[in-house]
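Engineer: Sharing a model prediction with you, sequence too.
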Amino acid sequence: MTPEGSVKQYLRERVKALGGEVRFIKWLGQRSAPDCLVLLPTRAPTFVETKAPGKRPRPAQVREFARLERLNCPVLVCPTRESIDEHFPLL
């Protein structure tokens, strides 16, 4: 499994433990968009971009994430298990 794949798997496990679901999404005709949608009963749907540890979003991704956030669509970048724990704490 790739380092990013490990982060994605951990995201899925964490969200499931919180009673939610993760949808891995593909955007037709749109580059640099986030790759996951997290659905939880306790918060609004949230886009998540997973990265391998130590990696950062490319400039085009940063611009796309800002566009989504301006439209009231939250976007989180999670490059580590710790960042997932921080954004999705167990209750």
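Structural biologist: Everything's here; your move. Numbers count the residues shown, from 1 in each chain.
Engineer: use CA for all of it now, contacts and neighbours both
Structural biologist: Will do.
Engineer: List the buried residues for the lengthiest strand in the chain?
Structural biologist: Ranked by number of residues, the top strand in the chain under DSSP state E is strand 43-50. Neighbour-count burial for strand 43-50 flags 46-50 (criterion: 16 or more other Cα atoms under 10 Å).
Engineer: got a list of what R81 touches?
Structural biologist: Applying Cα atoms under 8 Å, 6 or more residues apart in numbering to R81 gives the contacts 7, 10-11.
Engineer: Now tabulate these in JSON lines and tack on pLDDT, secondary structure and distance to L68.
Structural biologist: What follows is these, written out as JSON lines (pLDDT from 0 to 100; DSSP: H, G, I helix; E, B strand; the rest coil; distance: Cα to Cα, whole Å):
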{"residue": "V7", "pLDDT": "94", "secondary structure": "helix", "distance to L68": "22"}
{"residue": "Y10", "pLDDT": "96", "secondary structure": "helix", "distance to L68": "24"}
{"residue": "L11", "pLDDT": "97", "secondary structure": "helix", "distance to L68": "21"}
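Engineer: Could you let me know which of those ends up closest to P79?
Structural biologist: V7 (7.0 Å; Cα to Cα).
Engineer: Give me the neighbour count for the closest one.
Structural biologist: 23 (other Cα atoms under 10 Å).
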